[in-house]
Structure formats: C-alpha cells, structure tokens
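In: any chance you could fold what I've pasted below:
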Amino acid sequence: PGLPIVNANPDNLYEETKMLLDHPELRRELGVKGRIYVEKVHSHDIVAEQLLTIYSNLRG
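Out: As a prediction, this is how the structure comes out:
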C-alpha cells in the first residue's frame, strides 16, 4: 500500500508516459514519495528486523 507508481500496461503506456512528460511536478512528487517509500519499506534496518522475526518464528 502507498507505493507511488504510475500503473501502466501496453494498452495505456503511451498515454501514461505522455502524462508524466507533460507534468514535471507530478514526476517530482512521485520521485520524492518514491524515495520516502523505499526508505520506509526497504531500509536495511527494517528488512533485517523482519528477517529476524521470520527466523525466530521458524525456530519456534
């Protein structure tokens, strides 16, 4: 949830790409939100904590 991406597929790729090219402020906003998302979800501290929890649950 909260992943700041533009959902595109082969049917709408041209329109979505054009929309991003026409709106530099949206590209910037998505870039900033993307950085925050990655730091929040993919931080090495967070991932390590999640793995430790998983490993602890496996050992019972």
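In: could you pull out the strands for this structure?
Out: Counting by DSSP state E, the chain has no strands to list.
In: how about the helices in it?
Out: Here the chain has its helices, by DSSP state H, at 13-22, 24-41, 44-59.
In: list of residues touching the longest one?
Out: Where contact means C-beta atoms under 8 Å, 6 or more residues apart in numbering, the residues beyond helix 24-41 that reach it are 2-6, 19-20, 46. Just so you know, the C-beta spots here come from the backbone N, C-alpha and C atoms, and that holds for glycine as well.
In: buried subset of those residues?
Out: Not one of these meets the buried threshold, by 16 or more other C-beta atoms under 10 Å.
In: ok, those residues vs Thr53, which is closest?
Out: Distance to Thr53, by C-beta to C-beta, is smallest for Ile46 among these, at 10.8 Å.
In: residues in contact with the closest one?
Out: The contact partners of Ile46, by C-beta under 8 Å, 6+ apart, come to Lys40.
In: hmm, 10 Å instead?
Out: Counting by C-beta atoms under 10 Å, 6 or more residues apart in numbering, Ile46 makes contact with 39-40.
In: do you know how far it is from Lys33?
Out: 17 Å (C-beta to C-beta, to the nearest Å).
In: could you give the angle of the helix or strand bottoming out on mean pLDDT in the chain to helix 24-41?
Out: Least confident element among the helices and strands of the chain, by mean pLDDT, DSSP states H and E: helix 44-59 (a mean of 93). Here helix 44-59 runs at an angle of 40 degrees relative to helix 24-41 (axes from the mean of the first three to the mean of the last three C-alpha atoms, to 10 degrees).
In: now do helix 44-59: distance to the chain's middle.
Out: Relative to its chain's centre, helix 44-59 lies at 21 Å (C-alpha atoms, centre = their mean, to the nearest Å).
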